[in-house]
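> structure for the following, please:
(4 chains)
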Number of protein chains: 2
Amino acid sequence: MPHDSKPRWERRKDARPQELLAAALDLFVERGYAATRLDDVAARAGVSKGTLYLYFTNKEDLFKAVVRENVVPVIGEAESIIDGHEGSSPELLREIILGWWERIGNTKLSGITKLMMAESGNFPEVAQFYHDEVILRGNALIKRMLERGIKSGEFRQVDVEQANNVICAPMIMLMMWKHSFSTCRASNPISPEDYLESFIDLLLNGLLRDPSSAAN
Amino acid sequence: MPHDSKPRWERRKDARPQELLAAALDLFVERGYAATRLDDVAARAGVSKGTLYLYFTNKEDLFKAVVRENVVPVIGEAESIIDGHEGSSPELLREIILGWWERIGNTKLSGITKLMMAESGNFPEVAQFYHDEVILRGNALIKRMLERGIKSGEFRQVDVEQANNVICAPMIMLMMWKHSFSTCRASNPISPEDYLESFIDLLLNGLLRDPSSAAN
DNA sequence: TATATTACTGACTCAAAAGTAAGTTACTTG
DNA sequence: CAAGTAACTTACTTTTGAGTCAGTAATATA
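Take a look at the predicted model:
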């Protein structure tokens, strides 16, 4: 008769959601949204699929919880940095870009960005949620930073909407690259740090040797 | 007895592959690789799924054929443009970027790029194929153009490898944006032309009002 | 220790889609 | 025009995964 020390499972109502969220984050990042199996999420969290459904109503609900838990808070922190900054605008731009790299780009959270870019088309409701909670707020943040630099005369009077896109594009791409063709690029990997330095350099100084000769 | 004019179907051995490829391109672009149903591809081409399997051994084979038919040839054309160019390097850069936009970015082919960025991780063999046939050749092309401008003294002596990434990132992002969150952005769409102008402007001139004051 | 409660399990249903192959029909050829 | 062939269809098998629920076992309580 099994009368031994350890029970076959434990009741841990409080810990389950966090454990399931952690497992879900890992698998969503590894495989994407559609390809993540809830059976696997449950297994990685050390429970059965039935338990997962006790805490989350379905896959979509689980995913939204992952985003709310992990991504949304970082936006708030970035807003604080911009509002509290006292130095120059080029400095702030550097700080925001490199800070983003530390907190998102260089962590598994970059996989969530990539996932959303990849699968938003097939999951409209998830896309709408992410767009409202993350993208709109993130863009507003960058634009505020640019306007600050333009107002102070440190930046040229560029189109803020477009400059926002020009700045976001390489950052998003860096995240995409981290999660695309990684095996193919194994011999010739992209160095994010070098890339970001090149990008900031080009962004601030341009490509031309003699800017006064610019055709446009 | 059905003895009428039209047969229930026709034998059209020669036309089928092209029709299936066209249908497959549409659906791969609309839904991505994993989410595209071969039943639907066949239906859109006006045949049954069994017929599709007469001409392509499986989904992967079909997809590779779509890429070879549509994407690979464009790379070759771009190589010719670079080799034949006589004008200035900034002009060539403009021509390559805008030409790419005409032939890939602004067509449904952009959906293939997006698909590969999105799903390469889940389909390693397809990824390897695309990496070898498209990405490596595309990168070589950009780098050749940059070296031309550096050698002639028109461009600063930037790191060519990184500058390639800095240039490709916004172009790829523009394609991603076309196929991500399109419904969410309906009210505030990204204008590719404006974006490209802003990007080329920033790329050539930089963001700083007074470049001599650059902190780096 | 006995009983009640509830966190958790695991086997189930249902649906979708890749791939298969036997059978059918259009067309060809002698 | 009759018989052969090959292009095409349709119904099938197999697999996979989301979501459900009746039952089980850990724990709280008295």
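
> can you tell me which helix in chain A is longest?
helix A:160-178 (DSSP state H).

> relative to helix B:160-178, how tilted is it?
Relative orientation of helix A:160-178 versus helix B:160-178 (axes from the mean of the first three to the mean of the last three C-alpha atoms, to 10 degrees): 110 degrees.

> check the offset of the next helix or strand along the chain from helix A:160-178 from the chain's centre.
Next along the chain after helix A:160-178, taking DSSP states H and E as the criterion, comes helix A:192-205. With C-alpha atoms, centre = their mean, to the nearest Å as the basis, helix A:192-205 stands 19 Å off its chain's centre.

> and helix A:192-205, which residues are buried?
Going by neighbour count (16 or more other C-beta atoms under 10 Å in any protein chain shown), the buried part of helix A:192-205 is A:192, A:195, A:196, A:197, A:198, A:199, A:200, A:201, A:202, A:203, A:204, A:205. For glycine as for every other residue, the C-beta is placed from the backbone atoms N, C-alpha and C.

> in TSV, list those residues along with distance to residue A:172.
As requested, the buried residues of helix A:192-205 are exported to TSV (distance: C-beta to C-beta, whole Å):
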residue	distance to residue A:172
A:192	13
A:195	13
A:196	13
A:197	18
A:198	16
A:199	12
A:200	16
A:201	19
A:202	17
A:203	15
A:204	20
A:205	22
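
> where does chain A dip in pLDDT?
A:1-5, A:206-216 (pLDDT under 70).

> coming back round to it: nearest to residue B:80, of the buried residues of helix A:192-205?
Checking these against residue B:80 by C-beta to C-beta gives residue A:202 as the nearest, at 27.4 Å.

> pretty sure the closest one contacts residue B:203?
Yes: if you go by C-beta atoms under 8 Å, residue A:202 and residue B:203 touch, sitting 6.3 Å apart.

> so what's in contact with the two at the same time?
residue B:166 (C-beta atoms under 8 Å, 6 or more residues apart in numbering or on different chains).

> just the strands in chain A please.
For chain A, no strands are identified by DSSP state E.

> ok, whichever residue of it sits closest to DNA strand C - contacts?
Residue nearest to DNA strand C within chain A: residue A:50 (2.2 Å; C-beta to the nearest atom of the strand). Going by C-beta under 8 Å, 6+ apart, residue A:50 touches no other residue.

> ok so, going back, now the longest helix of chain A against helix B:192-205, angle please.
80 degrees.

> need the helices for chain A, in chain order.
A:16-31, A:38-44, A:49-55, A:59-70, A:72-84, A:89-100, A:110-119, A:124-130, A:136-151, A:160-178, A:192-205.

> and of the ones you listed, who's closest to residue B:182?
Of all the helices of chain A, helix A:124-130 sits nearest to residue B:182, with 9.0 Å by C-beta to C-beta.

> CA atoms only for the closest one, dumped as PDB, please.
Output of helix A:124-130 as PDB, limited to C-alpha atoms (Å, rounded to 0.1, in the frame of the first residue of the first chain):
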ATOM      1  CA  PRO A 124      -7.400  39.500 -34.000                       C
ATOM      2  CA  GLU A 125      -8.600  39.800 -30.400                       C
ATOM      3  CA  VAL A 126      -5.200  39.100 -29.000                       C
ATOM      4  CA  ALA A 127      -3.800  41.600 -31.500                       C
ATOM      5  CA  GLN A 128      -6.200  44.300 -30.400                       C
ATOM      6  CA  PHE A 129      -5.400  43.700 -26.700                       C
ATOM      7  CA  TYR A 130      -1.600  43.900 -27.400                       C
END
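
> starting at the chain centroid, how far to it?
For helix A:124-130, the distance to the chain centre is 15 Å (C-alpha atoms, centre = their mean).

> neighbouring contacts of it?
A:33, A:60, A:63-64, A:67, A:116, A:119-121, B:180-181, B:183-184.

> go again with 10 Å.
A:33, A:59-60, A:63-64, A:67-68, A:71-72, A:112-113, A:115-117, A:119-121, A:123, A:135-136, B:180-185 (C-beta atoms under 10 Å, 6 or more residues apart in numbering or on different chains).

> pull out the buried members of the residues you listed.
Buried, going by 16+ other C-beta under 10 Å: A:33, A:59, A:63-64, A:67, A:71, A:112-113, A:115-117, A:119-121, A:123, A:135, B:180-181, B:184, out of the contacts of helix A:124-130.

> DNA strand D next: which of the residues you listed are close?
Residues of the buried ones among the contacts of helix A:124-130 in contact with DNA strand D (C-beta under 7 Å from any atom of the strand): residue A:59.
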